[in-house]
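Trainee: based on what follows, work out the 3D shape:
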Amino acid sequence: MNIWDVLNGGAPTLIAADLSEDTAIDVPDTFDCTSTLDYGDDGTAQLASNNYAYIAETRQRDDATAAANCYRPSVTKTVAPAYTRIYTWTIDKSVDPVHTDLFEGDSTNLNYTVRVNRSIEAEGAYQLKGNITIANPNPARTLSLVGVGDVLDTGQALPVVCAGGLEISADDSITCDYGGLLPDDATIHNTAYITAQTGLIYASLPVPVDFANAAVTEVLAGINVTDTQPASTAPWSFGDSGVQQYSTAVTCDQNAFGDGANYDIDVDNTAAIVETGQTDSAYAAVTCWRLLVSKDAQPTYTQPYTWTIEKVVTPSLIELVPGQTQTARYTVTVAKAPLAPEEVVVAGKIYVYNPSPLAATVGEPVDTLSGEILADVQGCVNPGDSPALAAAVDAQEVNLFGMPAGSTLVCDYQADLPNVEKPDEHGHGRAAGESGDGYRAHLHRCGSRRFL
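Mentor: I've put the predicted structure just below:
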């Protein structure tokens, strides 16, 4: 008998000839799991071998089917691009107004602005890292690898570390880490590959690397700012460019002038970025002024006197005999005695000087002598070359005078001094029963840059 075999629909092959007794014939069939097979998502592909043998003389046949499962390792990967962004900051502190002139008792607000600006100084340290997962779907055999690699489409290779080794048990997987620095943030593709002990190389699908959604490590992304001005609400925190504003009041103290016409209040304070040490200061100056009042005095008075006269003779009786003579001497004594002064008057001029660069409005000065005697003030010359204005102050109508910067208001005054002794050369007298002396002229404050 002649025995033929047909494998997978191929041409018949004579596998035994002229058989005359029972015989077992070995027919090999090789299954080849090539990389071109259609592997499913689970990494498996099936091979089937259908064949039959027949006896040529009798046409008897028998069929046999063999199957093989092929397993392809899977290689997948993640990409995690990242880079570092460094910020730089500037700080600016300003104040408005920078300089202010005020009269005594006046106040002003100093308005501060602290402004910080954030900008990107540099971006760099571009890097890519991720995981490579290698799965062995074969349920019966261990997968042995000789290498795992990772490469960019630019040709740059990134280091790979497989901490668990390169042996993958049946139906198991391993994960390797990879990563390294990149030259820039260009969009690229990244592929992982493995080399099996069989010499076959398996690769992952190329994965795009896009830095638009990369993780960013920010350096100096936020800051804290302090301010030495007690009126501020610092410290402040900034996560981006921003502004903080606040105000503080400054008042010209009427008791701080001493003997001068003005004094300065210097307000210097600093804002600082805690993290960088950058600072900026805002200096404001307030000059406080007051009007200067001076006067002169010329006293006049009428001095009455009383007179007495006395005449005496010595001797008052002369006794003579005829032929004798004797002289009698008469003495006439005239005495002058002063009476209390009459029509005692002190008069002069009051000078109100405005040394400041500000215009002021003042009322007529009030001139008070010792004993609270009020002088009659009149004839004030208005330096503003404008008519005096009338205003009611404390239910009394007074004249107001405009005083330009650097001008002097000149007023005449006169006062009668009743019951005083003879004034001295300074116009000082003393009222009956008093020991005080002198007199003064002064202005009363009534409002901002206005004086009465």
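Trainee: outline the domain layout of this structure.
Mentor: The chain is divided into the following domains under automatic domain parsing: 3-71, 73-290, 342-451.
Trainee: doesn't residue 180 make contact with residue 159?
Mentor: Yes. With contact defined as CB atoms under 8 Å, residue 159 reaches residue 180; the gap is 5.8 Å. Heads up, the C-betas are built off the backbone N, CA and C, glycines and all.
Trainee: the two: who's more crowded?
Mentor: residue 180 (14 against 10; other CB atoms under 10 Å).
Trainee: show me what contacts the more buried one?
Mentor: 127, 128, 129, 156, 158, 159 (CB atoms under 8 Å, 6 or more residues apart in numbering).
Trainee: of all the domains of the chain, which one is nearest residue 308?
Mentor: Within these, the stretch nearest residue 308 is domain 342-451; the backing value is 20.0 Å (CB to CB).
Trainee: any idea how many residues pack against residue 332?
Mentor: Residues contacting residue 332 under the criterion other CB under 10 Å number 8.
Trainee: whoops, residue 226 was the one
Mentor: By other CB under 10 Å, 14 other residues sit near residue 226.
Trainee: show the model's pLDDT score for the residue located most distally from the centre of the chain.
Mentor: Distance from the C-alpha centroid of the chain, by CA atoms, centre = their mean, peaks at residue 322 (129.8 Å). Confidence at residue 322, expressed as pLDDT, is 89.
Trainee: over to residue 445?
Mentor: So, for residue 445, pLDDT stands at 39.
Trainee: shift numbering so it begins at 773
Mentor: Okay, using 773 as the starting number, the last item reads as residue 1217.
Trainee: neighbours of residue 1027, just the number please.
Mentor: Residues lying near residue 1027 (other CB under 10 Å) number 6.
Trainee: tell me the secondary structure at it.
Mentor: coil (DSSP: H, G, I helix; E, B strand; the rest coil).
Trainee: residue 1068 is nearest to which of the domains of the chain?
Mentor: Across the domains of the chain, closest to residue 1068 is domain 1114-1223 (CB to CB), at 4.4 Å.
Trainee: mind checking the SS state of the residue farthest from the centre of the chain?
Mentor: Here residue 1094 is recorded as coil under three-state DSSP.
Trainee: residue closest to the middle of the chain?
Mentor: Nearest residue to the geometric centre of the chain (CA atoms, centre = their mean): residue 886, 3.8 Å.
Trainee: so what's it bridging to?
Mentor: With DSSP bridges as the criterion, residue 886 is bridged to residue 865, residue 1016.
Trainee: show me the shaky parts of the stretch 1073-1222 of the chain.
Mentor: Low-confidence segments of the stretch 1073-1222 of the chain, defined by pLDDT under 70: 1156-1170, 1191-1222.
Trainee: can you give me the helices in it?
Mentor: In the stretch 1073-1222 of the chain, no helices are defined using DSSP state H, counting those that start in this stretch.
Trainee: hmm, who's touching stretch 827-838?
Mentor: Contacts to stretch 827-838, defined as CB under 8 Å, 6+ apart, come from residues 773-776, 801, 803, 820-826.
Trainee: could you rerun that using 6 Å?
Mentor: 773, 774, 776, 801, 821, 822, 823, 824, 825, 826 (CB atoms under 6 Å, 6 or more residues apart in numbering).
Trainee: to what extent is residue 981 buried, counted in neighbours?
Mentor: Number of residues near residue 981 (other CB under 10 Å) recorded here: 21.
Trainee: how much space between it and residue 959?
Mentor: 7 Å (CB to CB, to the nearest Å).
Trainee: pLDDT below threshold where in the stretch 923-1072 of the chain?
Mentor: Nowhere does the stretch 923-1072 of the chain drop to pLDDT under 70.
Trainee: how about 90 then?
Mentor: For the stretch 923-1072 of the chain, applying pLDDT under 90 flags the ranges 936, 970, 1026-1027, 1030-1032, 1040, 1069, 1071.
Trainee: residue ranges of the strands in it, please?
Mentor: 932-933, 939-940, 944-953, 960-968, 973-975, 979-981, 987-991, 995-999, 1008-1010, 1014-1023, 1034-1045, 1051-1061, 1064-1067, 1070-1074 (DSSP state E, counting those that start in this stretch).
Trainee: show me what the last one is packed up against.
Mentor: In this structure, strand 1070-1074 makes packing contacts with strand 1114-1125, judged by 3 or more CB pairs under 6 Å, 6 or more residues apart in numbering; DSSP states H and E.
Trainee: residue 837 pairs with what?
Mentor: Here residue 837, judged by DSSP bridges, has bridge partners residue 822.
Trainee: before we move on, what about residue 817?
Mentor: For residue 817, the beta-bridge partners under DSSP bridges are residue 842.
Trainee: wait, it touches residue 843, no?
Mentor: No. Residue 817 is beyond contact range of residue 843, at 8.1 Å (criterion: CB atoms under 6 Å).
Trainee: between those two, tell me which one has more neighbours.
Mentor: The neighbour count for residue 817 versus residue 843, taken as other CB under 10 Å, is higher for residue 843 (21 against 18).
Trainee: let me know the distance separating the nearest residue to the more buried one once chain neighbours are set aside from residue 845.
Mentor: With CB to CB, 6 or more residues apart in numbering as the criterion, residue 843 has its nearest non-adjacent residue at 3.9 Å, and that residue is residue 910. For residue 910, the distance to residue 845 (CB to CB) stands at 8 Å.
Trainee: cool, residue 865 as well?
Mentor: 65 Å.
Trainee: which of the strands of the stretch 923-1072 of the chain sits closest to residue 789?
Mentor: Smallest distance to residue 789 across those (CB to CB): 42.7 Å, for strand 960-968.
Trainee: count of residues packed around the nearest residue to residue 1177 once chain neighbours are set aside?
Mentor: Of all residues not flanking residue 1177 in the chain, residue 1129 sits nearest, at 4.7 Å (CB to CB, 6+ apart). When neighbours are defined as other CB under 10 Å, residue 1129 has 11 of them.
Trainee: residue 1178 is in contact with residue 1129, correct?
Mentor: No. Residue 1129 lies out of contact with residue 1178 (CB under 6 Å); the separation is 7.9 Å.
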